[in-house]
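> When you get a sec, could you give me coordinates for this:
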Amino acid sequence: MEFQRLKATLEKHQLWAKKSLGQHFLHDESICQRMVQHLQLKGQTVVEVGPGPGSLTDILLKEEPGLLLLIEKDQRFIEILKEFAPSPTTEFAIEPADALKVCISDLLKTHGKEAPYHIVANLPYNIGTELLVRWLDDIKNIGSITVMLQKEVVDRVKAGIGTKDYGRLSIIMQSCFEVHEMFQIPPEAFIPPPKVWSSVMYLKPKKELPEPKVLKTLEKLTATAFSQRRKMLRVTLGKALPLTLWQNLCTTLDIQETMRPEEIDAQTFLAMAKACITNSI
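Presented below is the predicted three-dimensional model:
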């Protein structure tokens, strides 16, 4: 949906982005096309979160998915989205709901659809990170995630060990996904223009995923370690874990107690989480 079309639609319905919902509407059709060109969505189950006036929805429907499910919290856009006309081979459904409060797999079952599903979305800035972590609960059913986020969030997800952006989000997401930054987007591609650049990221679940209980333990370990990221691990994890377990982890995983959390790679944190499960921590 190009700039003039999107502007005309918003003016016609007297609809404007709500800052409280982190809304910025993408008006560059070529960017929407670049977001989906790497995907083979024909006949697939696709979920779009926060479609707003439907700039990306328009492109997704042209890909002729088997089902396109829209999850939109803002009731103002429901009637606009109903105006889209899918092809005869595409089931088109709109769920007026808060994406943070629903399980996508459960929604799809009401339409007779099972895993895997593909998430494609321009995520609201204020809940993008929270949504990514929330979706980990259903990762076994996800085929792929292609999302537009603030560039700084994508920088944190893809960050390498020892960099300033490396942290909890990097470790948790890289333990579950192959992470690819596709391209960056300037503020002027949106109505209204945000104050920051955006970036499109593609996430592909790894073939071997952490067990749910391991992932939950990983989240707790990284929360403890990075709660004071400039402190040495013996001050954070060393005090949080039983002494015998902590000493054993340091020996078996070659961890120096004087290391700081940004010096430990994702695989080592994952090994620590598994060891904690084995020792019933």
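> how's the chain carved up into domains?
Taking automatic domain parsing as the domain assignment, the ranges for the chain are 3-205, 212-278.
> mean pLDDT lowest for which of those?
Lowest mean pLDDT within those: domain 3-205, a mean of 89.
> Just checking the distance from that one to the centre of its chain.
The gap between where domain 3-205 is centred and where its chain is centred comes out at 9 Å by Cα atoms, centre = their mean, to the nearest Å.
> Verify the contact between I104 and D138 for me.
Yes. Judged on Cβ atoms under 8 Å, I104 makes contact with D138 at a distance of 6.1 Å. No exception for glycine: its C-beta is placed from N, CA and C like everyone else's.
> picking up where we left off before, for the domains of the chain, give me a markdown table that also has mean neighbour count.
Compiled in a markdown table, the domains of the chain are given as follows (neighbours: other Cβ atoms under 10 Å):
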| stretch | mean neighbour count |
| --- | --- |
| domain 3-205 | 18 |
| domain 212-278 | 17 |
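> how about the strands in the stretch 151-281 of the chain?
Secondary structure of the stretch 151-281 of the chain (DSSP state E, counting those that start in this stretch): strands located at 177-185, 190-191, 198-205.
> actually the stretch 1-150 of the chain, not the one I typed
Counting by DSSP E, counting those that start in this stretch, the stretch 1-150 of the chain has strands at residues 25-26, 45-49, 67-71, 91-95, 117-122, 142-150.
> so which of the ones you listed comes closest to M201?
Minimum separation from M201 across those (Cβ to Cβ) falls at strand 142-150, 5.9 Å.
> What is the closest one packed up against?
Applying 3 or more Cβ pairs under 8 Å, 6 or more residues apart in numbering; DSSP states H and E, one finds that strand 142-150 contacts helix 29-36, strand 117-122, helix 128-135, strand 177-185, strand 198-205.
> Give me the spatial nearest neighbour of G160, chain neighbours excluded.
Of all residues not flanking G160 in the chain, Y166 sits nearest, at 6.3 Å (Cβ to Cβ, 6 or more residues apart in numbering).
> hey, C-alpha coordinates of stretch 60-76 in PDB?
C-alpha atoms of stretch 60-76 as PDB (Å, rounded to 0.1, in the frame of the first residue of the first chain):
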ATOM      1  CA  LEU A  60       0.500 -11.500   2.100                       C
ATOM      2  CA  LEU A  61      -2.900 -12.200   0.400                       C
ATOM      3  CA  LYS A  62      -1.200 -12.000  -3.000                       C
ATOM      4  CA  GLU A  63       1.000 -15.000  -1.900                       C
ATOM      5  CA  GLU A  64      -2.200 -17.100  -1.600                       C
ATOM      6  CA  PRO A  65      -1.600 -18.800   1.700                       C
ATOM      7  CA  GLY A  66      -3.900 -21.500   2.800                       C
ATOM      8  CA  LEU A  67      -5.000 -19.400   5.800                       C
ATOM      9  CA  LEU A  68      -4.100 -15.900   6.700                       C
ATOM     10  CA  LEU A  69      -5.000 -15.200  10.300                       C
ATOM     11  CA  LEU A  70      -4.800 -11.500  11.500                       C
ATOM     12  CA  ILE A  71      -4.500 -10.700  15.200                       C
ATOM     13  CA  GLU A  72      -5.500  -7.100  15.800                       C
ATOM     14  CA  LYS A  73      -6.000  -5.500  19.200                       C
ATOM     15  CA  ASP A  74      -7.100  -2.100  17.800                       C
ATOM     16  CA  GLN A  75     -10.800  -2.400  17.100                       C
ATOM     17  CA  ARG A  76     -10.700   0.700  14.900                       C
END
